[in-house]
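S.K.: Build the 3D model from these lines:
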Amino acid sequence: MANAPITSTADTDPVLAQHAFPVGKLEDYLEARIEGFARPLKVGQFRGGMSNPTFMLTDGLGKRYVMRKKPPGKLLPSAHAVDREFRVISALAETDVPVAKAYVLCEDEAIIGRDFYVMEHVEGRVIRDFSLPGMSPADRRAHYAEMGRVLAALHEVNWREKELTTYGREGGYCSRQVKRWSTQYEASKTDDVPEMDKLIRWLSENMPESEQTTIVHGDYRMENTIFHPERPEILAVIDWELGTLGDPLSDLAYNCLNYHVADPERGDITQIELEEHGILTEDEYVETYCKARGISPPSNWSFYLALSLFRLGAIAQGVYKRGLDGNASSPDALKRGAKARQLAEVGWRIASTS
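M.R.: Residues are numbered from 1 along each chain as shown. Now for the predicted structure:
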């Protein structure tokens, strides 16, 4: 199921042994805090996510909820911040950005052993293949356009009005990202990857002269959205773990990495005729986004692409290290070592030829 091109948000597997928790305590907690919640509780686990384990909760009346919790084991500093996820989806509830309804955040580890939050279950499609198999060219174009529309809407949200001034820091985002992911990479390093070291130096020497500050998702891609079951409409943006205040162009560049990196597990659009296939080219996608926001296309696009590839490489290395340590939330984590190297190589190629 993990590699299926399109899955339903109702699809789950049995809970992995390393992520099991006391269901009875969770029932007590939710019954006291969510109106209409009914015992008994059935639990399944979603596959695909490799950071914060995610579960389907079905109560005694058949109502579905989704729970995300911190993974087991020793965690890197500032990682797996479920409280931040809960905060931002709560703040975005009355905006043009579609998100699931947030119900409750629990920071008492006595309940299930880790911090967690519960939100509504959104019925829809999770699209894991960026080439959109089985769709017409018009439908593919519409799905890509919708993905860009929602990203532009996110970056237009007034974060001050939404009381998110402490969600991140204004300005200096790119330099902080290089510092943060360099530190995280070194903490989870297992092998020498020269391209990662080169990227760290190059990025530090080529910072943008000015940056806008908006809410950024940090991991915005098609797989982290839930589409309507039948039409090209996003019903919810999910997986907000890396959200913060930052440079919106970093979000846009990250969202465009599928134009540069082939991913056998998520479809390869680097070798197809995009116009004939119906998928917006990278230039069209960036232009559409910029028009939606009323801004000019970036002149230093290579920097943002290289930064995004570096970040993703560092994240992949962290997942790989957790897999070696036996506490990753997905059995696919051990594949990420090679992925980290591939991303670093592509990032350095873009940086060194810009």
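
S.K.: Quick check: chain neighbours aside, which residue is closest to Glu275?
M.R.: Thr281 (6.9 Å; Cβ to Cβ, 6 or more residues apart in numbering). Glycine gets a C-beta too; all of them are placed from N, C-alpha and C.

S.K.: can you check Ala344 too?
M.R.: Closest residue to Ala344 apart from its sequence neighbours, by Cβ to Cβ, 6+ apart: Glu195 at 3.9 Å.

S.K.: host element of the one you found?
M.R.: Using DSSP states H and E, Glu195 sits in helix 194-205.

S.K.: Now do that helix, average pLDDT.
M.R.: Mean per-residue pLDDT for helix 194-205: 95.

S.K.: and if you look at stretch 301-309?
M.R.: The model assigns stretch 301-309 a mean pLDDT of 97.

S.K.: State the distance from Arg149 to Asp197.
M.R.: Separation of Arg149 from Asp197 (Cβ to Cβ, to the nearest Å): 38 Å.

S.K.: Tell me the helices and strands packed up against the lowest-mean-pLDDT helix or strand in the chain.
M.R.: Least confident helix or strand of the chain, by mean pLDDT, DSSP states H and E, is strand 6-8 with a mean of 85. Here strand 6-8 touches strand 125-127, going by 3 or more Cβ pairs under 8 Å, 6 or more residues apart in numbering; DSSP states H and E.

S.K.: Give me the contact list for the strand it packs on.
M.R.: 5-9, 48, 143, 222-223, 225-229 (Cβ atoms under 8 Å, 6 or more residues apart in numbering).

S.K.: for the stretch 1-150 of the chain, what spans make up the helices?
M.R.: Taking DSSP state H, counting those that start in this stretch as the criterion, the stretch 1-150 of the chain carries its helices at 23-33, 82-91, 137-155.

S.K.: can you give me phi and psi for the residue nearest to the spatial centre of the chain?
M.R.: Centroid check for the chain by Cα atoms, centre = their mean gives Asp219 as the closest residue, at 3.2 Å. The phi/psi pair for Asp219 (degrees, to the nearest 10) reads phi -150, psi 40.

S.K.: Then Arg231?
M.R.: According to degrees, to the nearest 10, Arg231 has phi -130, psi 160.

S.K.: Give me the number of neighbouring residues for it.
M.R.: Arg231 has 11 neighbours, counted by other Cβ atoms under 10 Å.

S.K.: correct me, but Ile200 touches Ser182?
M.R.: Yes - with contact defined as Cβ atoms under 8 Å, Ile200 counts as touching Ser182 (5.1 Å).

S.K.: which residues does Ser188 contact?
M.R.: Residues near Ser188 by Cβ under 8 Å, 6+ apart: 76, 314, 317-318, 320-322.

S.K.: what domains does the record give for the chain?
M.R.: Per automatic domain parsing, the structural domains of the chain span 6-120, 125-352.

S.K.: distance between the ends of the first one?
M.R.: Right, domain 6-120. Chord length of domain 6-120, first to last residue, is 21 Å (Cα to Cα, to the nearest Å).

S.K.: what bits of the stretch 101-250 of the chain have low per-residue confidence?
M.R.: Counting by pLDDT under 70, the stretch 101-250 of the chain shows no low-confidence range.
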